[in-house]
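Peer 1: predicted coordinates and the sequence they were generated for:
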Amino acid sequence: MSMQPRKILSRKRIALVAHDNRKAELMDWAYYNRTTLSRHQLYGTGTTGKMLEEVLDQSVTKLLSGPLGGDQQIGAMIAEERIDLLIFFWDPMAAQPHDPDIKALLRLCVVWNIPMACNRATADFLLTSPLMYEDYDARQVDYSGYLKRKM
């Protein structure tokens with residue numbers, strides 16, 4: 001498999017998502033990291049985006065609610081190289097009516113080599129990485145060989 005370069009700029013485009021049972025935790029984490037987050041462009045699904053704007057006193061591009069297509073909107077933005085990082089505090093203990101959308105979103109992060117955090121510890125590690133403050137040359141796997149095998 002060959003690798004294709006993809007530039008992630010120092011001002012990251014960060015998608016923030018949280019299931020209902022994890023929203024309070026995400027808000028607490030975001031408030032704690034508000035100075036760092038203020039340096040980046042933020043996107044949020046539904047209620048999470050509205051809550052983030054209030055907690056951070058910062059503009060957040062709000063998408064649809066997850067069950068109404070917000071997860072898929074973020075997935076499309078990842079595929080279009082318009083999201084650089086995903087923070088998704090998902091609830092592993094509650095069944096979600098849109099579980100296939102969630103799995104697809106996490107899969108796209110792997111396919112497009114997007115850093116993602118699904119819990120507070122990983123989000124802390126991502127946000128404190130020196131790479132958050134500089135341009136980064138990501139290496140994108142070229143999956144075109146998969147398409148040729150199917151033809």
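Peer 2: On my side now, so go ahead.

Peer 1: show me what the most centrally placed residue in the chain is bridged to.
Peer 2: Centroid check for the chain by CA atoms, centre = their mean gives residue 86 as the closest residue, at 1.6 Å. Under DSSP bridges, the beta-bridge partners of residue 86 are residue 15, residue 116.

Peer 1: top helix in this structure by residue count?
Peer 2: What stands out as the longest helix in the chain, according to DSSP state H, is helix 99-111.

Peer 1: for that one, C-alpha coordinates in PDB please.
Peer 2: Provided in PDB are the C-alpha atoms of helix 99-111 (Å, rounded to 0.1, in the frame of the first residue of the first chain):
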ATOM      1  CA  ASP A  99     -25.200   2.700  16.200                       C
ATOM      2  CA  PRO A 100     -24.400   1.900  12.500                       C
ATOM      3  CA  ASP A 101     -23.800   5.700  11.900                       C
ATOM      4  CA  ILE A 102     -21.400   5.700  14.900                       C
ATOM      5  CA  LYS A 103     -19.500   2.700  13.700                       C
ATOM      6  CA  ALA A 104     -19.200   4.200  10.300                       C
ATOM      7  CA  LEU A 105     -17.900   7.500  11.700                       C
ATOM      8  CA  LEU A 106     -15.200   5.700  13.800                       C
ATOM      9  CA  ARG A 107     -14.300   3.700  10.700                       C
ATOM     10  CA  LEU A 108     -13.900   6.800   8.600                       C
ATOM     11  CA  CYS A 109     -11.400   8.200  11.200                       C
ATOM     12  CA  VAL A 110      -9.300   5.100  10.700                       C
ATOM     13  CA  VAL A 111      -9.600   5.200   6.900                       C
END
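
Peer 1: what is the burial count for residue 123?
Peer 2: Burial of residue 123 is recorded as 23 neighbouring residues (other CB atoms under 10 Å). All C-beta spots, glycine's among them, are computed from the backbone N, C-alpha and C.
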